Each structure stands twice: as structure tokens, then as C-alpha cells.
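[1] Could you work out the structure for the sequence below:
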Amino acid sequence: MDSVSLMASFALAGLAGYQVVWGVAPALHSPLMAVTNAISGMTAVGGMLLLAHGSSTSVVPDSPAHWMGAVATVLSFVNIAGGFLVSGKMLDLFRRPTDPKDFFEYYAAPASILLGGLAATGFSHGNLDTASGAVGIASSICCIAAIAGLANQETARTGNVLGMAGVAFGLASTTANMALDGASTEAFEQAGMLGAFGSGIGAVLASGVGPTELPQTVAAFHSLVGLAAMAGAAG
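    Residues are numbered from 1 along each chain as shown. A predicted model of the protein is given here:
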């Protein structure tokens, strides 16, 4: 991608971010920070691509670039899992007994169709590049819609779920790109194990946080994103 395209993407992202954040209710600023922080865990993309770089014959990282990718992947997944769980806890504090029941489980149907189509394209040796790009676009749309959903209490919980879907689509698209780059089986195993390890740590940390400690936890998770970005850049 040339510099003009990168600058255009950066400018459009800035305008989209400004528009969706502008109308967020003051009471939802902390959940908004938690959701955007979890989405910023997409620094995992850089870590996963570093794991796919070069040849690897072991599930243990065997080069400085792979070690930096491993660090970035683990820290990013800690932030992703912990961030969305903390967001859910924050939004539960605003939930009223009279609020209607959520049916977020139905969101799994279109998400499964999209991810299943991507997997089928890969296994059938179809145009994986195009399919990966389409899923990447879906990821961007869901992440933007997630932030916009935090604008008011009625749609805030939907926003959190859309954020989860957006990150899942982004990670799936990255996995497809790893395959396009010729990543070894060991690289996929590394990414899977490191992602599961980081997600487990994030879930454990988030589950033990009390209501008064939620904002501080968001800030702590956010520091992990910075470290993950540094590791990815160093790799």
C-alpha cells in the first residue's frame, strides 16, 4: 500500500472516529474507553504476522522477530479478552430490571456464515485474498458501529457485542493473510496457543475486578496495548 493510500485511510479513520464519539453520553465515557481499548488490542495483527514471517519448525519462537511477535500477541489478547469483559461489567451496572431481554446469541448466525465462508474459501483453494479483504471490511464496519453504539444506554450493550464481532473478524482475516504469506503449521499453532494463553489471563484478571476498580483496570489494560505495539514495531 502506497503512502497516499495510507494517508487516506488514516484521514478517513480520524473523521469516522470523531463522528461516532461526538454523541456519546457522559455517563458512558468509561464503557466507551473500555470498548475502544479492547478494539485497540488489534495490535495482535502485527504480532500474528510476525509469527508467520520466515520459516519456523517449532511451536517455540526461534528468532528475535518471532519472540517480539509472541509478546505482542499475548499482551494483545490479554487486552482483548479482559477489555470486553470489563466493558460488559461496566454496562451491567447501568442495566435496569425493566430493560428488555437481549438476544445477542442470534448475532452468531451471520457471524458464523461470514467466518465459515472464509474458512471454506481457504480449504477449497478459492480466492482467499478477496475473501480475506471482505472479512476485513466487515471487521472495520463492526468496530466503528461498536463505538457508535456506545452513544446511548439503549444501544451500548449491542455496541459491546459488535466490538467483539469486529475483533473476531479482524483476527480471522489476519489468519487468512498468514496462510497467504505461506505461514507454517507451527506458526498457526504458536498464534493459537499464545492467543488462548493471553485470553485466559485477561479473563481471569477481569473476572476478579470489583465495580470500583473497573476504570483503573481499563487503564492497566491500555498500557498493555502500548507494550504490544512496541513489541510489534521492534519485531
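[2] where exactly do the helices run in this structure?
    3-22, 29-39, 44-52, 64-93, 108-123, 128-149, 153-180, 185-207, 214-234 (DSSP state H).
[3] Among those, which comes closest to Pro100?
    Among the helices of the chain, helix 153-180 comes nearest to Pro100, with 9.6 Å by Cβ to Cβ. (C-beta placed from N, C-alpha, C; glycine too.)
[4] State the mean pLDDT of the closest one.
    Averaged across helix 153-180, the pLDDT comes to 91.
[5] Excluding chain neighbours, give the residue nearest to Val161 in space.
    Leaving aside its sequence neighbours, Val161 sits nearest to Phe104 (Cβ to Cβ, 6 or more residues apart in numbering; 4.9 Å).
[6] so what's that neighbour up against?
    For Phe104, the contacting residues are 157-158, 161, by Cβ atoms under 8 Å, 6 or more residues apart in numbering.
[7] Hmm, Asn79 and Gly41 touching each other?
    Yes - using Cβ atoms under 8 Å, Gly41 is in contact with Asn79, at 3.9 Å.
[8] of these two, who's got more company?
    Asn79 (31 against 28; other Cβ atoms under 10 Å).
[9] rewinding a little: identify the contacts common to Gly41 and Asn79.
    Here Gly41 and Asn79 have 225, 228 as joint contacts, going by Cβ under 8 Å, 6+ apart.
[10] re the thing from before, Throw the contacts of Phe104 into a markdown table and include distance to Leu128 and neighbour count, thanks.
    Output for those, formatted as a markdown table (distance: Cβ to Cβ, whole Å; neighbours: other Cβ atoms under 10 Å):
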| residue | distance to Leu128 | neighbour count |
| --- | --- | --- |
| Arg157 | 34 | 21 |
| Thr158 | 31 | 17 |
| Val161 | 27 | 21 |
